[in-house]
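> For reference, the sequence and a predicted model appear below.
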Amino acid sequence: MATTINFDTPASSTARPVAVTGTVAAGSYGLLTITINVTNGVTAARNRSFYREITFDNTGSATSLAVNTSYTMSIVPKVLGSDTVAAVSAWSYTPNN
């Protein structure tokens, strides 16, 4: 008999998809940093930030790499109605010499 276990009941996090676009130049590494800032004007102790870094290796290509995708990040504890969520994505590059 199979047992189903749900480790997120009741829900203790909020899944937040973040759409990102960008271009990694030919022959270079791209580093995408996604930052989610959660602020709460009522309870400053709830203010928090989350980040994720994703590396794109385009060093072996003579053409640029177009990135158009979405990443889902978890916000813990889950978002309340009084929370404000802002997502920021930033790119950095390292040319392959």
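Perfect, I can see it now.
> Residue 31 and residue 54, how far apart?
Here residue 31 is placed at a distance of 7 Å from residue 54 (C-beta to C-beta, to the nearest Å). C-beta here means a position set from N, CA and C on the backbone, and glycine is covered the same way.
> Which stretches in this structure count as strands?
14-24, 28-40, 48-57, 65-75, 83-95 (DSSP state E).
> Can you tell me which of those is most buried?
Among the strands of the chain, strand 28-40 has the highest mean neighbour count (mean count of other C-beta atoms under 10 Å), at a mean of 17.
> And that strand, what does it pack against?
Judged by 3 or more C-beta pairs under 8 Å, 6 or more residues apart in numbering; DSSP states H and E, the packing partners of strand 28-40 are strand 14-24, strand 48-57, strand 65-75, strand 83-95.
> Indicate which one of these is closest to residue 41.
Among those, the nearest to residue 41 by C-beta to C-beta is strand 83-95 (7.5 Å).
> ok so, going back, now the helices and strands packed on strand 28-40 in CSV, with distance to residue 4 and mean pLDDT?
Below are the helices and strands packed on strand 28-40 laid out as CSV (distance: least, C-beta to C-beta, whole Å; pLDDT from 0 to 100):
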stretch, distance to residue 4, mean pLDDT
strand 14-24, 20, 95
strand 48-57, 28, 96
strand 65-75, 21, 96
strand 83-95, 30, 92
